[in-house]
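K.L.:
What follows is a predicted protein model with its sequence.
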Protein chains: 2
Amino acid sequence: MTDPELSEDLSRPLTRRAFFGTVGGVAVGGALAATGVDLVQTSPAGGAAPPDVEAFFGVHQGGIVTAPQRYSYFAAFDVTTAAKGELADLLRHWSAIASRLTQGLTAAPLSGDPERTEPDSGEALGLGAARLTINFGFGPTLFVKDGIDRYGLARHQPYELAELPGFPGDALVESRSGGDLTVHACADDPQVGLHAVRQLARVADGVASIRWSQSGFNETTATSGTPRNIVGFKDGTMNPRSPAELDQFVWVGYEGPRWMTGGTYLVVRRIQIALDQWDAQSLGTQEHTVGRHKISGAPLGRSDEFDALDLEAKDEHGHLAIPVNAHVRLASPEQNWGATILRRSYAYDDGVEVSTAPGAPGQLGGTMDVGLLFACYQRNPLLGFVAIFKKLAERDALRQFTTHTGSAIVAVPPAAAHPDEWVGQRLFAS
Amino acid sequence: MTDPELSEDLSRPLTRRAFFGTVGGVAVGGALAATGVDLVQTSPAGGAAPPDVEAFFGVHQGGIVTAPQRYSYFAAFDVTTAAKGELADLLRHWSAIASRLTQGLTAAPLSGDPERTEPDSGEALGLGAARLTINFGFGPTLFVKDGIDRYGLARHQPYELAELPGFPGDALVESRSGGDLTVHACADDPQVGLHAVRQLARVADGVASIRWSQSGFNETTATSGTPRNIVGFKDGTMNPRSPAELDQFVWVGYEGPRWMTGGTYLVVRRIQIALDQWDAQSLGTQEHTVGRHKISGAPLGRSDEFDALDLEAKDEHGHLAIPVNAHVRLASPEQNWGATILRRSYAYDDGVEVSTAPGAPGQLGGTMDVGLLFACYQRNPLLGFVAIFKKLAERDALRQFTTHTGSAIVAVPPAAAHPDEWVGQRLFAS
C-alpha cells in the first residue's frame, strides 16, 4: 500500500481545482475524466494515520474491539465456484480492496478512461474512511457442505465452528441465515459501509454470490455513555474490556487450529422485536424483564450502571432483587459457567411487515419489522453464545418479545499481518 | 411548550447524578424510577434554541427546506376509524408529540411510576434533538376513498392532490404505496428518527395503522459539497434555493385552498436501482446516461458542478454534448415548461432480494435491494413531478437501471403557527 500508485483519495472532496492542480490547472472541456491518470494518492505515507482510519493490517481483524461505529453492514455469501484457486484469489482480492477502502481510497485506482469500467462505483468519493472496518468470516459450509469437502479444507475446520443447534422458539428463515463467507463492514457513514460491501460483492462475480445482508445502526454519541438499544435499555454494559479479558474470552489462543490463532468466532442473530407489545408493558415489568433500571442502566435495586450485578441481592420484601427469569441474570457469566461474549449489536429497521392485517379491506401491514442484528464475538461459541442462549431461549423473560429470524456462525481468522498477506491465507497454506 | 411541566430532556444524558440532583442527591435503593416525577424540563425557555433543534412551529413544516439531515424515516398510515373527531384528535396529539420530540424531549413527560406504562419508549434518551424534523401529509384517500367522502373533507381536497397517473415501467407494490396520512421524520441520528415514528405510531393505535415505511440515509458531511447518491453522481444540484424560487415552485400560494397556503405537495417514489448492472457500464456510458461528469458533477463538456446546463452545447464532433436521452436534459426545467421540484431523496438498503437464483441448489439471493427513496416537494405535482417523470419514464437513459416499486403523493399542509395550533387544524376548521 506504499506504492506511489495512481489512485483516488476518498477522504477529500475532488473539486475541480484539486483535480486539475496536478496537471497545471488547465481545464480542457470534456477531458476531465482523462486527467484521472494523473491523480496520486494523497493520504499520508509513513506519517500518522488520519483519525478516521482504522488499521486493516495487524494481529486481529477490525470491527471487533474497535470502538463501535455508527453503522454496520453484514453480508453473507455463497461460494459458487468449485475451484479452490478461484476462492483463494477472491480472498486475496478482498483483502487488497479492504486494505484500500479502510484507508479511504477507492477499491482500486481509477483510470479516468471513459471507455473503461471503473473499478470503484464512486459513491464514497469525498466521504473519507469514516473509521471503516471490514472483517471476513468463514462459515461451516465453506469446509463441508452436504457432506462434501468442497475445497480440501475439511481437515482444517475448527471444532468450535459447528452449525448452531436449534433453540426453542427459533423462526429462522433460510434467506436470512448461513453463508460460506461473511463480510462485516462497520463505519461511521452508512454510505461508506454499503459502498464497501458493494465493491467486494462486485469482484466476487462468478466466484461468490451475495446470499443475505442486514444493515444496522448504533447510537454512539459521545454524551450518552453505553448506547441504548431499541428497547430503550443500555446494551453492552457487561462486555469484556481489558486485554486479559479479551485474551481469555474473545481471541483464539493456544487451542488452535494454528490458522485461527488471534482470530475469533462470530455469531449473528437477526432478532425481530415486538416493540409494540414491549411498549405496552409498565416500566416495572420492563425493568423486571431485563433486570436493570431503564434510565440508569443500574442492576435492579442499585443506582449506577456499573454497580456490580449482585444476583443474590434481596429487595425490601426479601425477594430476589433481580428476578429468576430476568434477562441479565440468565445471561450473566455466573449463571453460565463463566461464559462471556463480546456483544456488538446493531439495530435494524426493515419497514413494515407485509401481511394482511385483520382490519379493514385494503388495510396493510400494521407491524414494524424492527429489532437487533445481534452480533457477538467469542473464543468458543459452544462455551459462549450457545451456552448462554440455550438458557435464554428457554427461560428469559425477554424472549416473549423476540423472534430469531436469521442466524449465522463464522470463524473470523486473524488479520493479515502486512500488505503481502491476505486474510485467510494461513488457512489455505495449512 | 413553556409550561414548567414534568418531563425529560432527551438532549442530555440522564446520569444518576443529574437524576438525583433535583431531589437533594439522596439515592434510595430501587427508588430511582420514582424520582422521575421530580424532573423538570431543562431545555432553554425563551433563550436561543440549541443548535441541534429545528423549529416545529412556524410558516412551513420542517424537513422540506431544512438542510438535509443524515437519516430519513418515511411512514404511511391507513386511517382505521370512521369518526372524524378521532382523526382530528390524533392529528392534534401528533402535533403535540412532534413539537416535543423535535425539541429533544420525550413524547410526553415520563411518570417514573413502575406501575404505569411510560408514554415514551426511551431509546432516544441522551441522543438530543439531532435536528429532528417531522412533517405530516394527507393522501388523496383521506378525502375520498372508494368513492366515499369518509370524513366530510372531500370538498376541501385540492385539485393538485390527485392520485398519480401510471407511468411506463411502473412496478408498484401495494404494500409500499399510498397511505391516508404520512409522517416524514428526518434527523441526524437514525435512532432519533425511528423513535419519533414509533411514538407517533403508538398513539395512533385504534385510529390509524402503519401501512408501509422506508428508512434511508444521506451523505451530508461538510467537506463533500452536494451529496453523491448511490449511483456515484452528485444529486440535487438543480434544487431551487432562493426564497423567490421556493415561493414560485415549492410553497402553495394564492391558488389555495386556503388551508394549504404555505404548504406543499410531496411525491415519494421508492426506486430500486440495478446497481450491479450500472457498475458494469463504462465511465463514459454512465456520464452520457446522466449527462454530467461523474467526479466533478459538471454538465458534460464543462468543468464545474455549478456551470450552467447548456442543452445546446456541442462537442468537438458537432454532436450535442448532453445526449438527447440524458437524465439531466429530460429532467431540466427547459424541457418541461419550467417545471422545478425540490428533490430531497435518501438512499435505502433493504438487504438482498429474496429470490431463487439461477445458480446452484440452495443458492439464494444474489441481488441487493438498494436504491433511492426519491422524494420531491413542489407547489403543483401536475406541473412538477408528473410533468417531469412522464417524459423520464419514456425516454430517460437512466430508466433502464431503475424500477419504481413504491409511490405516494400527499398534501403537506403548512406548519402549526404556535403551540395552540396543530398541523391540519385549518383543514378540519374549513
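P.N.:
Looks like it came in fine.

K.L.:
okay, CA-based contacts and neighbour counts for the rest of this
P.N.:
Will do.

K.L.:
okay, the residue nearest to A:K84 when sequence neighbours are not counted: pLDDT?
P.N.:
Closest residue in space to A:K84, ignoring its immediate chain neighbours: A:Y151 at 5.4 Å, by Cα to Cα, 6 or more residues apart in numbering or on different chains. Note on A:Y151: pLDDT of 97.

K.L.:
try A:A339
P.N.:
87.

K.L.:
OK, contacts around it?
P.N.:
A:S332, A:P333, A:L383, A:G384, A:F385, A:A387, A:I388 (Cα atoms under 8 Å, 6 or more residues apart in numbering or on different chains).

K.L.:
follow-up on the earlier one: so what's the residue nearest to A:K84 up against?
P.N.:
Contact analysis of A:Y151 by Cα under 8 Å, 6+ apart lists A:A82, A:A83, A:K84, A:L142, A:F143.

K.L.:
Only the buried subset of these, as a PyMOL command please.
P.N.:
Those of the contacts of A:Y151 that count as buried under 16 or more other Cα atoms under 10 Å in any protein chain shown are selected in PyMOL with:
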select buried, chain A and resi 142+143
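
K.L.:
from the contacts of A:Y151, which two are the most distant?
P.N.:
Farthest apart among the contacts of A:Y151 by Cα to Cα are A:A83 and A:F143. That separation is 13.3 Å.

K.L.:
C-alpha coordinates for the longest helix along chain A, PDB please?
P.N.:
Using DSSP state H, we find that the single longest helix of chain A is helix A:84-101. C-alpha atoms of helix A:84-101 as PDB (Å, rounded to 0.1, in the frame of the first residue of the first chain):
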ATOM      1  CA  LYS A  84     -10.100 -23.700  -4.700                       C
ATOM      2  CA  GLY A  85      -7.700 -21.400  -6.600                       C
ATOM      3  CA  GLU A  86     -10.600 -19.100  -7.500                       C
ATOM      4  CA  LEU A  87     -11.700 -18.900  -4.000                       C
ATOM      5  CA  ALA A  88      -8.200 -18.100  -2.700                       C
ATOM      6  CA  ASP A  89      -7.900 -15.500  -5.500                       C
ATOM      7  CA  LEU A  90     -11.100 -13.900  -4.300                       C
ATOM      8  CA  LEU A  91     -10.000 -13.700  -0.700                       C
ATOM      9  CA  ARG A  92      -6.600 -12.200  -1.800                       C
ATOM     10  CA  HIS A  93      -8.500  -9.700  -3.900                       C
ATOM     11  CA  TRP A  94     -10.900  -8.900  -1.000                       C
ATOM     12  CA  SER A  95      -8.000  -8.200   1.400                       C
ATOM     13  CA  ALA A  96      -6.400  -5.900  -1.200                       C
ATOM     14  CA  ILE A  97      -9.600  -4.000  -1.700                       C
ATOM     15  CA  ALA A  98     -10.400  -3.800   2.000                       C
ATOM     16  CA  SER A  99      -7.000  -2.500   2.800                       C
ATOM     17  CA  ARG A 100      -7.600   0.300   0.400                       C
ATOM     18  CA  LEU A 101     -11.200   1.100   1.400                       C
END
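
K.L.:
Check which helices and strands it sits against.
P.N.:
For helix A:84-101, the elements it packs on are helix A:190-203, helix A:425-428, judged by 3 or more Cα pairs under 8 Å, 6 or more residues apart in numbering or on different chains; DSSP states H and E.

K.L.:
At which residues are the strands of the stretch 151-300 of chain A located?
P.N.:
Using DSSP state E, counting those that start in this stretch, the strands of the stretch 151-300 of chain A run over residues A:181-187, A:208-217, A:264-273.

K.L.:
so for the longest helix of chain A, what's the average pLDDT?
P.N.:
98.

K.L.:
got the angle between the helix or strand immediately after that helix in the chain and helix A:190-203?
P.N.:
Going down the chain from helix A:84-101, the next helix or strand is strand A:133-138, by DSSP states H and E. For strand A:133-138 against helix A:190-203, the angle by axes from the mean of the first three to the mean of the last three Cα atoms, to 10 degrees is 40 degrees.

K.L.:
For burial, what's the neighbour tally of A:L125?
P.N.:
If you count neighbours by other Cα atoms under 10 Å in any protein chain shown, A:L125 ends up with 27.

K.L.:
can you tell me how far it sits from B:F217?
P.N.:
Plainly put, A:L125 is 16 Å away from B:F217 if you go by Cα to Cα, to the nearest Å.

K.L.:
Please apply the same query to A:S209.
P.N.:
A:S209 sits 25 Å away from B:F217, going by Cα to Cα.

K.L.:
Over to A:K314?
P.N.:
47 Å.

K.L.:
Mind checking which of these two has more residues around it?
P.N.:
When neighbours are counted by other Cα under 10 Å, B:F217 comes out ahead of the other of A:K314 and B:F217, with 26 against 15.

K.L.:
For that one, list each beta-bridge partner.
P.N.:
Residues in a beta bridge with B:F217, per DSSP bridges, are B:Y71, B:A347.
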